[in-house]
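Peer 1: make a model of this:
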Amino acid sequence: PEGSQEWRQSGCRRPLWRPREESARRRPRGHGMAPFWQSLLGPPKFSLANMSALHQLLQRTSVVSERNRAMVVDALRTTAELVLWGDQNDPTLFEFFLEQNILGIFWRLLEQRDTPSSVKVQILQTLSILISNIEAGPSIYYILSNDHINELIRHPFDFSNEELLAHYVSLLKAIALRLDPHTVQFFIGDAPPTSGARDAGNSSDSPPPPTHASPAAAVRSPSGGVPSSLSAAAPPARRPGDDPPPPPRRPPSDPPTQPPARFALFEAALTLWTNDERMVRTAVRAIVLCVCRLEEPRVQAFVRDSAVLPQVLGAAL
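Peer 2: Residues are numbered from 1 along each chain as shown. This is a model prediction of the structure:
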């Protein structure tokens, strides 16, 4: 063996054989098998590859049924965990969430009529967790500025499902707690103009109706002639080469009225003001107070001119 007297006398500097123990120590057990096992286990949980895989899974899901319901719920829950972790540790995850418009996928699954209620509950819970826990700043602005949030607030949910109602109110409260003079601009806007306002706005551009006869020609005496009282006021007959008469003046039309503002969050809260559940009523009152405390002119004007708020306050007395 190496180090013995015979080995030193032979002049060998390197053994001609290598012990099995040393060979095994140099080549770790399972060498070359890591990619195989990694392909079976999937990418690490908190990674961009896993986020991309979840996005592809949700994007391929055109219809949610009882067969894929559990898979979709787990994908939604994991997506929320990845976004929150990325907001604290890896901005690329949150940027991927925004660039791929995953909120649009949430809305597509939610608005389907046959989507199971458990999936709708998970979507509401996911959005509530994101809005409540994402740090203030550009990240929360990006989430709230998506118009799908307003569409979700106005969505006609089946509130006979108590769990669905509870998560819906929880989402409204999470949004209300994040309101400030900047973020509230994403939720208050102008309502579409009515047909009367559009007609009033376009009336000034419409051409005047053609005049086929003068007023004097419309009034005739019994003998068929023009009365003497109108003959003096009648304009003289036009001659060849005369300038065309000026168009008749039209009375000034009323200016188009400003369409009323819409505030989906405030309106949704007022519809649940008199709900039978005490916890729902408490959360709704907190939402209304969060809106009323904002020192923003448009919000204060909307609350002051609201016709529904005095009604629900009177009904609660």
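Peer 1: so where do the helices sit in the stretch 51-200 of the chain?
Peer 2: Per DSSP state H, counting those that start in this stretch, the stretch 51-200 of the chain carries helices over the ranges 69-88, 91-99, 102-110, 117-133, 138-144, 148-153, 162-177, 195-202.
Peer 1: list the contacts of Leu82.
Peer 2: Lys45, Phe46, Asn50, Met51, Leu54, Leu93, Phe97 (Cβ atoms under 8 Å, 6 or more residues apart in numbering). Heads up, the C-betas are built off the backbone N, CA and C, glycines and all.
Peer 1: about what we covered before: dump the helices of the stretch 51-200 of the chain into a markdown table; add distance to Phe302 and mean pLDDT as well.
Peer 2: Putting these into a markdown table (distance: least, Cβ to Cβ, whole Å; pLDDT from 0 to 100) gives the following:
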| stretch | distance to Phe302 | mean pLDDT |
| --- | --- | --- |
| helix 69-88 | 32 | 92 |
| helix 91-99 | 29 | 90 |
| helix 102-110 | 25 | 92 |
| helix 117-133 | 22 | 93 |
| helix 138-144 | 18 | 84 |
| helix 148-153 | 15 | 89 |
| helix 162-177 | 14 | 94 |
| helix 195-202 | 18 | 46 |
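Peer 1: output these as a markdown table; include the columns distance to Leu58.
Peer 2: Below are the helices of the stretch 51-200 of the chain laid out as a markdown table (distance: least, Cβ to Cβ, whole Å):
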| stretch | distance to Leu58 |
| --- | --- |
| helix 69-88 | 6 |
| helix 91-99 | 11 |
| helix 102-110 | 5 |
| helix 117-133 | 11 |
| helix 138-144 | 17 |
| helix 148-153 | 14 |
| helix 162-177 | 19 |
| helix 195-202 | 40 |
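Peer 1: ramachandran coordinates for Arg293?
Peer 2: phi -80, psi -10 (degrees, to the nearest 10).
Peer 1: for it, report the pLDDT, please.
Peer 2: For Arg293, the model assigns a pLDDT of 90.
Peer 1: count of neighbours near it?
Peer 2: Each residue near Arg293 was counted by other Cβ atoms under 10 Å, and the total is 9.
Peer 1: distance of it from Phe187?
Peer 2: Using Cβ to Cβ, to the nearest Å, Arg293 is found at 15 Å from Phe187.
Peer 1: again with Glu277
Peer 2: Distance from Glu277 to Phe187, by Cβ to Cβ: 24 Å.
Peer 1: neighbour count: those two, which is higher?
Peer 2: Phe187 (22 against 15).
Peer 1: thought that one was touching Leu265?
Peer 2: Yes: Phe187 is within contact range of Leu265, at 5.1 Å (criterion: Cβ atoms under 8 Å).
Peer 1: who touches both of the two?
Peer 2: What both Phe187 and Leu265 touch, as defined by Cβ under 8 Å, 6+ apart, is the set Ile175, Leu179.
Peer 1: now for His155: which residues touch it?
Peer 2: Counted by Cβ under 8 Å, 6+ apart, His155 has contacts Leu110, Glu111.
Peer 1: gap between it and Ile123?
Peer 2: Taken as Cβ to Cβ, the span from His155 to Ile123 is 10 Å.
Peer 1: again with Pro44
Peer 2: From Pro44 to Ile123 the distance is 25 Å (Cβ to Cβ).
Peer 1: and the two? Which one has more around it.
Peer 2: Each of Pro44 and Ile123 has its neighbours counted (other Cβ under 10 Å); Ile123 has more, 23 against 10.
Peer 1: per-residue confidence at Arg249?
Peer 2: You'll see Arg249 listed with a pLDDT of 59.
Peer 1: settle this for me: Leu177 is touching Cys290, isn't it.
Peer 2: Yes: applying Cβ under 8 Å as the test, Leu177 and Cys290 come out as touching, 6.4 Å apart.
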